[in-house]
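S.K.: structural data only, the sequence is not supplied:
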Ligand code: 1GP
């Protein structure tokens with residue numbers, strides 16, 4: 001079957017490490033032109049969402065606009081039930097494993113599930129782990145952030161995610177984080193977790209991205225750099241070049 005998951009696995013086989021740019025639909029400046037540019041520069045898919053998406057109508061509108069201009073998949077990255085749109089190709093169906101609030105572990109997922117089914121979205125079962133503290137994702141998700149220097153805690157959750165059947169795992173430092181996840185933590189998790197390993201938060205240049213790719217990340221997510229850095233296109237292109245095999 002030709003699914004988004006198969007496409008992602010094939011892309012990983014082909015390139016080793018992929019880059020998924022994250023577009024925030026609440027900040028819709030230039031999204032169409034950004035989507036075109038990232039596709040041209042080698043992004044394998046676009047993530048759309050974030051921890052504070054509240055306007056589902058705007059989200060759906062932006063996705064349908066993006067989809068008329070690019071051919072790579074658009075994958076939802078929801079922070080809540082409001083992050084679901086039928087116009088996307090797939091959804092990271094995430095459980096925030098280290099939240100202290102069961103709503104973010106199974107509650108929101110139950111509320112959203114019928115909508116996902118009716119929308120015919122492909123659900124990619126994803127364990128979501130927040131590392132560190134002080135970011136919007138950490139605050140909104142009421143996470144008990146795993147300290148950056150405690151890879152063993154990340155391993156425990158990652159392995160639990162795998163045994164629960166989650167074929168994707170997202171190690172998240174939080175959008176705009178001052179500190180990105182260390183290659184050491186990625187390497188430790190990689191030794192145990194066998195699914196698709198996504199790493200994001202605070203990744204702003206190709207050197208960091210390369211270290212994370214070498215440590216075993218399958219997908220690098222970049223958001224804030226695209227929004228804030230005037231020189232993002234050349235930096236994005238460098239990231240793609242360095243993380244591929
Ligand atoms: C946030 O991991 C993503 O959910 C991307 O983080 O915005 O810091 O690139 P940045």
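M.R.: Alright, I've got the coordinates. Computed from a predicted model, the values in this text were never measured in an experiment.

S.K.: report the beta-bridge partners for the residue nearest the centre of the chain.
M.R.: Of all residues in the chain, the one closest to the mean position by C-alpha atoms, centre = their mean is residue 221, 5.6 Å from it. Beta bridges link residue 221 to residue 20, residue 200 when assigned by DSSP bridges.

S.K.: per-residue pLDDT, it?
M.R.: With respect to pLDDT, residue 221 scores 98.

S.K.: by contact count, what packs against the helix or strand hosting residue 47?
M.R.: Assigned by DSSP states H and E, residue 47 belongs to strand 46-50. Packed against strand 46-50, as judged by 3 or more C-beta pairs under 8 Å, 6 or more residues apart in numbering; DSSP states H and E, are the following elements: strand 18-23, helix 31-41, helix 56-69, strand 74-78. (Each C-beta comes from the backbone N, C-alpha and C, glycine too.)

S.K.: list the contacts for the residue nearest to the centre of the chain?
M.R.: 19-22, 47, 170, 198-201, 203 (C-beta atoms under 8 Å, 6 or more residues apart in numbering).

S.K.: which among these end up buried?
M.R.: 19-22, 47, 170, 198-201, 203 (16 or more other C-beta atoms under 10 Å).

S.K.: among those residues, which one sits closest to the ligand?
M.R.: The ligand lies nearest to residue 200 out of the buried ones among the contacts of residue 221, by C-beta to the nearest ligand atom, at 2.3 Å.

S.K.: which ones are touching that closest one?
M.R.: Contacts of residue 200 (C-beta under 8 Å, 6+ apart): 22, 170-173, 175, 220-223.

S.K.: stretch 168-178: end-to-end distance?
M.R.: This stretch, stretch 168-178, spans 25 Å end to end (C-alpha to C-alpha, to the nearest Å).

S.K.: which non-adjacent residue is nearest residue 161?
M.R.: Closest residue to residue 161 apart from its sequence neighbours, by C-beta to C-beta, 6 or more residues apart in numbering: residue 127 at 3.0 Å.

S.K.: next up, the contacts around that neighbour.
M.R.: 94-95, 97, 157-158, 160-162, 164, 166, 168-170.

S.K.: type out the PyMOL command that picks the buried ones from these.
M.R.: Here is the PyMOL command that picks out the buried ones among these, judged by 16+ other C-beta under 10 Å:
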select buried, resi 94+95+97+157+158+161+162+166+168+169+170
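
S.K.: picking that back up, and the next helix or strand past the helix or strand where the residue nearest to residue 161 lies?
M.R.: When elements are assigned from DSSP H and E, residue 127 belongs to strand 122-130. Downstream of strand 122-130, the next assigned helix or strand under DSSP H and E is helix 136-140.

S.K.: any figure for the gap between residue 182 and residue 130?
M.R.: Between residue 182 and residue 130 the distance is 15 Å, computed by C-beta to C-beta, to the nearest Å.

S.K.: of those two, who's got more company?
M.R.: residue 130 (28 against 18; other C-beta atoms under 10 Å).

S.K.: excluding its backbone neighbours, what's nearest the more buried one?
M.R.: Residue 130's closest residue in space is residue 143 (C-beta to C-beta, 6+ apart), at 3.9 Å.

S.K.: ok, now which ones touch that neighbour?
M.R.: Neighbouring residues of residue 143 by C-beta under 8 Å, 6+ apart: 96, 98-100, 104, 130, 137.

S.K.: list buried residues within the residues you listed.
M.R.: Buried among the contacts of residue 143 by 16+ other C-beta under 10 Å: 96, 98-99, 104, 130, 137.

S.K.: for those, give me CSV that also has distance to residue 15.
M.R.: Formatted as CSV, those follow (distance: C-beta to C-beta, whole Å):
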residue, distance to residue 15
96, 28
98, 30
99, 32
104, 32
130, 27
137, 27
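
S.K.: state the number of residues packed around the closest residue to residue 232 other than its chain neighbours.
M.R.: Spatial nearest neighbour of residue 232, excluding adjacent residues (C-beta to C-beta, 6+ apart): residue 226 at 4.9 Å. Residues contacting residue 226 under the criterion other C-beta under 10 Å number 19.

S.K.: many thanks, I have nothing further to ask.
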